[in-house]
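*Asks:* below: sequence and its predicted model.
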Amino acid sequence: MKDKAMTKAITEIYLTRLLSVKGTLQQFVDDFFRSVLCSGSVVPPAVKYFFDFLDEQALRHDNVDEETLHIWKTNSLPLRFWVNILRNPHFIFDVHVTEVVDASLHVIAQTFMDACTKTEHKLSRESPSNKLLYAKEISTYKKMVDDYYSGIRQMIQVSDQDMNTHLAEVSRQHTEKLNTQVALHQLYQYASKYFDAIIQSLDEDPAAQSKQLTVRLQQVAAALENKTTDL
């Protein structure tokens with residue numbers, strides 16, 4: 001009985017402190033969600049362009065429903081980019097992340113991930129404390145994600161010319177900071193794994209045909225693989 005009473009007391013103390021810390025950080029967490037999920041502010045052209053591309057792909061394939069499209073967008077930006085930064089702030093900032101801070105950031109990152117899913121999680125007393133901690137806010141966060149995707153869809157479309165201009169400007173600004181040769185080589189390593197499938201897709205796509213992307217990719221492959229070609 002004493003052990004049970006002690007365990008209960010420790011749990012109550014732990015939860016009290018957990019709620020206290022959450023209350024202290026709540027404004028910062030809300031500000032973060034509003035900052036990264038606001039389509040009313042300036043959205044990078046690359047995000048609009050890519051999300052429109054995903055919308056087009058969903059229309060081309062009849063078996064793609066809204067939930068699948070939602071997952072595509074979530075995997076490409078919130079989970080790939082923002083969650084990675086949340087869990088690893090030292091990627092951007094010159095900071096030392098202590099174990100306590102790291103644990104807190106993982107809770108916030110998990111909350112952000114849950115907000116980006118369409119699945120409704122049924123909570124109980126046995127659910128993890130981090131999920132119970134933001135149980136009241138999760139529906140609000142989910143709506144923010146939906147509104148963000150909807151807002152981007154309603155934005156003015158970014159043309160190929162505008163996208164190329166934007167990429168050229170980004171490239172100019174970071175010419176001395178990035179090793180483009182390494183980046184291109186890594187892209188080719190990925191493309192080489194699915195080379196035949198990519199070539200087939202390019203052959204079947206009218207836009208790719210007009211830009212002769214199949215021929216260009218084959219020329220790149222020939223050059224990098226040190227093969228001769230009559231193209």
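*Replies:* In hand now; what should we look at?
*Asks:* next, the spatially most central residue of the chain: phi, psi?
*Replies:* Centroid check for the chain by Cα atoms, centre = their mean gives L77 as the closest residue, at 2.1 Å. Main-chain torsions, L77, degrees, to the nearest 10: phi -130, psi -70.
*Asks:* burial of A183, as a residue count?
*Replies:* For A183, the neighbour count with other Cβ atoms under 10 Å is 10. In this view, the C-beta of every residue, glycine as well, is placed from N, C-alpha and C.
*Asks:* equivalent analysis for L59, please.
*Replies:* 10.
*Asks:* what mean pLDDT does the helix or strand that contains it get?
*Replies:* Secondary structure assignment for L59, by DSSP states H and E: helix 45-60. Regarding helix 45-60, the rounded mean pLDDT is 92.
*Asks:* which parts of whichever helix or strand comes after it are buried?
*Replies:* Downstream of helix 45-60, the next assigned helix or strand under DSSP H and E is helix 66-76. Neighbour-count burial for helix 66-76 flags L69, H70, W72, K73, T74 (criterion: 16 or more other Cβ atoms under 10 Å).
*Asks:* likewise for stretch 92-106?
*Replies:* S104, L105.
*Asks:* what about it, average pLDDT?
*Replies:* The model assigns stretch 92-106 a mean pLDDT of 88.
*Asks:* picking up where we left off before, and the angle for the helix holding L59 with helix 66-76?
*Replies:* 150 degrees (axes from the mean of the first three to the mean of the last three Cα atoms, to 10 degrees).
*Asks:* possible to save the buried residues of helix 66-76 as TSV with distance to H121 and pLDDT?
*Replies:* Putting those into TSV (distance: Cβ to Cβ, whole Å; pLDDT from 0 to 100) gives the following:
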residue	distance to H121	pLDDT
L69	21	94
H70	16	94
W72	21	95
K73	20	95
T74	15	95
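*Asks:* shouldn't the residue nearest to the centre of the chain be in contact with K48?
*Replies:* No - counting by Cβ atoms under 8 Å, L77 does not reach K48; the two are 11.2 Å apart.
*Asks:* and D94, helix, strand or coil?
*Replies:* coil (DSSP: H, G, I helix; E, B strand; the rest coil).
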